[in-house]
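Undergrad: Just a sequence and a predicted model for now, questions to come.
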Amino acid sequence: MKKVLITGAGGFVGKYLIKEFCNHDYIVVACDINKGHAFNKNVQYYDMDILNKQRVEEVIEECKPDYLINLAAISSVGLSWSIPDKTIQVNVIGTLNILDAIYKKCPNCKVLLIGSSEEYEMKEKPLKEDDLVNANNPYGISKIAQENFAKLYSQKYGLNIICTRSFNHTGIGQLDQFVIPSFCKQVAEIDKMGKPGKIFVGNLSAYRDISDVRDIVKVYRALLENETTEQIYNVGSGKAYKIEDLLNYIVSLSKQPIEIIIDKEKLRPVDTPYICCDNSKTAKYFDNTDIKDTIKEMFEYYKAM
């Protein structure tokens, strides 16, 4: 049985990725900075801060994984504006600690680094891997740096590293600082109250490529399992949805009248009007779950809380 090591496994995507690999008969080792995560009983767990270089080397030397996926990151664009220094530390220095440890302790391990559509210079048509990268926020800049170091370590040390540029994805368990869970939670709470309410939102005019997280983790596994000839892969649905349309659908799930209010605090210093994925390299791995089905599951989850 092959062994996969997942860093940042206690986060939103981690639990789905763990399930994906457990369901396909892998030995799964989960690492996270925070203790107390309720992982599958068949999952081996290590406390590990990717900024602790010595600890990263110890865990990788002990585990000797066949595959490593790094999910540990400051992953919110909005948060990255508040803590740009911490974003660079975690997303760049943390990744360097992982790559150094792989080179020293387990050089045959295949590594998957999770990047973002936020790396691209945006344009109003689907983005391809060879389009210009020119991020307009600290998070995107940190992921460009991660990708550049991946290329360097591949060329200098011969490490087998794949980088994704992942587009938006959502599902039950995502923090409500992100747009879809924020909408679902607010609307579900109004519905439970049984009387009219108000929902506070940010920019509704943007278009975003949003996928079910379960589709995304399937692609991650496929990229590791298959012989890949390139280093960078877009991961997304290839469909762009207007945020206002998704909000209107969520509001329609409630029986209560809801007033929509633009909250200036939720607006980013710089926002991109349109983000869509050209997923021609990864479409064959993608399940294309209807995002409305995902959203309805999330709404019902919050309503049942």
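TA: Cool, the structure landed.
Undergrad: just the strands in this protein please.
TA: 3-7, 27-32, 44-47, 67-70, 110-116, 160-166, 168-170, 197-201, 207-212, 232-235, 240-242, 258-262, 274-275 (DSSP state E).
Undergrad: Which stretches in this protein count as helices?
TA: Ranges of helices within the chain are 12-22, 53-63, 77-82, 84-88, 94-105, 138-157, 179-193, 213-225, 243-252, 291-304, based on DSSP state H.
Undergrad: how about CSV for the ones you listed, with mean pLDDT, mean neighbour count and distance to Q231 added?
TA: Backbone N, C-alpha and C define where each C-beta goes, glycine included. Below are the helices of the chain laid out as CSV (pLDDT from 0 to 100; neighbours: other CB atoms under 10 Å; distance: least, CB to CB, whole Å):
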stretch, mean pLDDT, mean neighbour count, distance to Q231
helix 12-22, 96, 22, 20
helix 53-63, 98, 17, 21
helix 77-82, 90, 18, 24
helix 84-88, 98, 17, 22
helix 94-105, 98, 21, 13
helix 138-157, 97, 19, 7
helix 179-193, 96, 21, 30
helix 213-225, 98, 21, 11
helix 243-252, 97, 17, 31
helix 291-304, 98, 17, 28
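Undergrad: Can you add distance to N279 and give those helices back as TSV?
TA: Output for these, formatted as TSV (distance: least, CB to CB, whole Å):
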stretch	distance to N279
helix 12-22	18
helix 53-63	31
helix 77-82	21
helix 84-88	26
helix 94-105	24
helix 138-157	18
helix 179-193	19
helix 213-225	9
helix 243-252	19
helix 291-304	14
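Undergrad: sorry, back to before: burial-wise, tell me which of the strands of the chain comes out on top.
TA: strand 3-7 (a mean of 26; mean count of other CB atoms under 10 Å).
Undergrad: for that strand, what is the average pLDDT?
TA: Taken as a whole, strand 3-7 has a mean pLDDT of 98.
Undergrad: List the contacts of the residue nearest to K64 when sequence neighbours are not counted.
TA: Sequence neighbours aside, C106 is the residue nearest to K64 in space, at 5.4 Å (criterion: CB to CB, 6 or more residues apart in numbering). If you count contacts by CB atoms under 8 Å, 6 or more residues apart in numbering, C106 has them with 60-61, 63-65.
Undergrad: just the residues you listed now: which is nearest L224?
TA: P65 (10.6 Å; CB to CB).
Undergrad: Who's the closest spatial neighbour of G197, skipping the chain neighbours?
TA: G197 sits nearest to I190 (CB to CB, 6+ apart), 3.4 Å away.
Undergrad: which residues does the one you found contact?
TA: I190 neighbours (CB under 8 Å, 6+ apart): 196-199, 254, 256, 258.
Undergrad: and the two most separated of these?
TA: It's K198 and S254 that sit farthest apart of the contacts of I190, by CB to CB, at 12.4 Å.
Undergrad: and which of the contacts of I190 is nearest N148?
TA: I199 (40.1 Å).
Undergrad: Y302 is in contact with E189, correct?
TA: Yes: using CB atoms under 8 Å, E189 is in contact with Y302, at 7.1 Å.
Undergrad: Thank you kindly, that will do.
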